[in-house]
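Peer 1: for reference, the sequence and a predicted model appear below.
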Amino acid sequence: MLHSALINVMVKAARRAGRSLKRDLGEVENLQVSLKGPANFVTMADRRAEEMLHSDLTKARPGYGFIGEEGGNRVGDDKSHTWIVDPLDGTTNFLHGIPQFAISIGLQREGTMIAGLIYNPANDDLYIAERGKGAFLNDQRLRVAGRRNLNECVIACGLPHIGRGDLELSRVEMAEIQAKVAGLRRFGAASLDMAFVASGRLDGYWERNLQPWDMAAGQIIVREAGGIVSGIAGDDDPLKTGNVICGNEFVHAELVKILKPLGK
């Protein structure tokens, strides 16, 4: 499949950083027996991947801004374009040798997401989307699932953990959703949860307290696959609120109806 020059730049950068992460995953799996664990090693792997991505993307598109999980906001001369990058989404999974993690690259132009890529080096799944051109997994066109009834749907969520998030609100939300769906899942990588919604593997997904780099690529991939993405309010921008709900129009509307009143 022929990609645009922009997508080719993103794919090339992601695959190079992905090769590094895949090698590091092998090392992490060997370090599980250590009492200290592989945390420091994973931090270095995360930073190394981000520097690779920054180097490759900046070389290909000089002047674009760059927001990364590790390096923060690096302002470029071109004020209209910004890369929003998570070099290792699903760090805890990676830390434990669980092959559910991804590189996430989004490109924003004047506040609008125009391209996105999510790549899992462990299984070589590559999700891409460009505004107005559709979404693809390994060159196969994506569409969100068509289910309209929550009782037939599998929904993913985030689960707050020690030191992060509102545990009580999470328990209330899960109790409400669990009673209405066919299955509830927690996979541990927001970008891949959104990619799974885009590919129809999941019917919907919600999570609170995320960062822009967790969702930037996923937002455009879901939308280009025919899905709806918003914050918990239903009409807000998840990149600004840090909260996200996505699914087809019916599932999205049902999740908003359930979750919006609970967060007040």
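Peer 2: Nice, thanks for sending it over.

Peer 1: quick one: residues contacting the closest residue to W83 other than its chain neighbours.
Peer 2: Once its chain neighbours are removed from consideration, W83 has its nearest residue in F66; the separation is 4.7 Å (Cβ to Cβ, 6 or more residues apart in numbering). C-beta coordinates here come from the backbone N, C-alpha and C atoms, glycine included. Each residue near F66 by Cβ atoms under 8 Å, 6 or more residues apart in numbering is listed here: 54, 57-58, 73-74, 76, 82-83, 85.

Peer 1: which one in those is the model shakiest on?
Peer 2: For the contacts of F66, the least confident position by pLDDT is G76, scoring 75.

Peer 1: doesn't that residue belong to a strand?
Peer 2: No. In this structure, G76 is coil, not part of a strand, as judged by DSSP: H, G, I helix; E, B strand; the rest coil.

Peer 1: list the residues that contact it.
Peer 2: With contact set as Cβ under 8 Å, 6+ apart, G76 has these partners: 58, 62-66, 82.

Peer 1: let's go with 6 Å and repeat that
Peer 2: 63-65 (Cβ atoms under 6 Å, 6 or more residues apart in numbering).

Peer 1: how about the strands in the stretch 151-264 of the chain?
Peer 2: Residue ranges of the strands in the stretch 151-264 of the chain, as given by DSSP state E, counting those that start in this stretch, are 154-157, 183-185, 204-207, 228-230, 244-247.

Peer 1: kindly reformat the ones you listed as JSON lines containing mean pLDDT.
Peer 2: Shown next, in JSON lines, are these (pLDDT from 0 to 100):
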{"stretch": "strand 154-157", "mean pLDDT": "98"}
{"stretch": "strand 183-185", "mean pLDDT": "97"}
{"stretch": "strand 204-207", "mean pLDDT": "98"}
{"stretch": "strand 228-230", "mean pLDDT": "98"}
{"stretch": "strand 244-247", "mean pLDDT": "98"}
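
Peer 1: most packed of the ones you listed?
Peer 2: Ranked by average neighbour count under the criterion mean count of other Cβ atoms under 10 Å, those are headed by strand 244-247 at a mean of 28.

Peer 1: give the partner strands of that strand in its sheet and their orientations.
Peer 2: Here strand 244-247 is paired, per DSSP bridges, with strand 204-207 (antiparallel), strand 228-230 (antiparallel).

Peer 1: and the closest residue to D214 other than its chain neighbours, how many neighbours?
Peer 2: Take D214 and drop its neighbours on the chain: the residue closest to it by Cβ to Cβ, 6+ apart is A190, 4.2 Å away. By other Cβ atoms under 10 Å, 25 other residues sit near A190.

Peer 1: what residues are up against A190?
Peer 2: With contacts defined as Cβ under 6 Å, 6+ apart, A190 is in contact with 207, 210, 214.

Peer 1: give me the pLDDT for R147.
Peer 2: Value for R147, per-residue pLDDT: 97.

Peer 1: least trustworthy helix or strand in the protein by mean pLDDT?
Peer 2: Of all regular secondary-structure elements in the chain, judged by mean pLDDT, DSSP states H and E, the least confident is strand 72-74 with a mean of 79.

Peer 1: what comes up buried for that one?
Peer 2: Using 16 or more other Cβ atoms under 10 Å as the test for burial, strand 72-74 gives no buried residues.

Peer 1: contacts for it?
Peer 2: Counting by Cβ under 6 Å, 6+ apart, 66-67 sit against strand 72-74.

Peer 1: mind telling me which residue is nearest the centre of this protein?
Peer 2: Nearest residue to the geometric centre of the chain (Cα atoms, centre = their mean): S191, 1.4 Å.

Peer 1: pretty sure it is touching Q100, no?
Peer 2: No. With contacts defined as Cβ atoms under 6 Å, S191 does not count as touching Q100, sitting 10.5 Å away.

Peer 1: cool, thanks, signing off.
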